[in-house]
Structure formats: C-alpha cells, structure tokens
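Participant: return a 3D structure for these sequence lines:
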Amino acid sequence: MSRLRLRAVIIAIMVVLATVSLPNTAVAAPPTASCRITNNWGGGFQGECTINNPGPDGVSAWTLELCFSRPITIMQVWGASGTASGNCVRFTGISWSNTIPAGASVSFGFIASPGDGI
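Facilitator: Next up is the predicted model:
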C-alpha cells in the first residue's frame, strides 16, 4: 500500500472512530471532532485533533476517544491529557482546555507509536 493511500486510510479511520462525549448538557447542536495525522515517520506519528462547539451553550469535561487498527503507545500529549488502553486512546481536557465556550473550539496534539500500519 502506498504511503499516500495508507495516510488516507489512517485519517479516515481516525475521523470515523473519533467520538466526543460530554456530561448531560442540553445543546442545540452537538460538538464535533476532527483529527488528522500531521507527520508519520514509520516508528511513530504525530496527530492533531480539534473539537468544535457550535453552541449555543458552553460545554465542559469533554472526552474524545480514538481507536486504531492495533495497539499504540502515547509518547506525548499537549493541550489535553491522554491515556491509551489497547487500540484506543481517551483524551480529556486539562485545566485550561476543559471548557469549550459556545462558538469556540479547542485543539490538542499527540505523538504516538508505532507509525506505519496503524
């Protein structure tokens, strides 16, 4: 499989498997998440995710779970906290990124391994 096709498959898997869960809060439109791989060097990769809150109310205590085709190890996370368990990684907001005001978004990034073939 070519690197370009592999990257497209990885990105598609990340977007399809990304889920955002929030505490019981009534919102007109649910938050959405998008993730992408910004770099892949074979032994590892860098990912970036953004959670958008269209409002009309702010949300807090968000969680985003990404599941991959095989187990990964999280090496570094910024803008959130991340915990890997098997094929999935659960990201949660930290003190300054845990609340998403109406009409705003939060972004975070991470480095994980392995890279190719995830």
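Participant: ok, F108 to G42 distance?
Facilitator: 23 Å (Cβ to Cβ, to the nearest Å). All C-beta spots, glycine's among them, are computed from the backbone N, C-alpha and C.
Participant: quick one: which of these two has more around it?
Facilitator: Counted by other Cβ atoms under 10 Å, F108 and G42 do not tie: F108 has more neighbours, with 22 against 11.
Participant: please name the nearest non-neighbouring residue to the more buried one.
Facilitator: G79 (3.2 Å; Cβ to Cβ, 6 or more residues apart in numbering).
Participant: for the one you found, what are its contacts?
Facilitator: Counting by Cβ atoms under 8 Å, 6 or more residues apart in numbering, G79 touches 94, 97, 106-109.
Participant: most neighbours, which of the residues you listed?
Facilitator: Counting by other Cβ under 10 Å, top hit in the contacts of G79: V106 with 24 neighbours.
Participant: which SSE is that residue in?
Facilitator: Assigned by DSSP states H and E, V106 belongs to strand 104-113.
Participant: what lines up beside that strand in the sheet?
Facilitator: strand 45-53 (antiparallel), strand 73-78 (antiparallel) (DSSP bridges).
Participant: now do the most centrally placed residue in the chain, the pLDDT please.
Facilitator: In the chain, the residue lying closest to the centroid (Cα atoms, centre = their mean) is C49, at 4.4 Å. On the pLDDT scale, C49 is placed at 98.
Participant: in space, what's closest to it - neighbours in sequence excluded?
Facilitator: C35 (4.1 Å).
Participant: burial measure for G47, as a count.
Facilitator: When neighbours are counted by other Cβ under 10 Å, G47 registers 26.
Participant: pretty sure it contacts T38?
Facilitator: Yes - here G47 reaches T38: they are 6.8 Å apart, a contact under Cβ atoms under 8 Å.
Participant: hey, what's in contact with both of these two?
Facilitator: Shared contacts of G47 and T38, counting by Cβ under 8 Å, 6+ apart, come down to G109.
Participant: hmm, back to that, okay, buried residues for the helix or strand containing the residue nearest to C49 please.
Facilitator: Element membership for C35, per DSSP H and E: strand 32-40. Buried residues in strand 32-40, counted by 16 or more other Cβ atoms under 10 Å: 33, 35, 37, 40.
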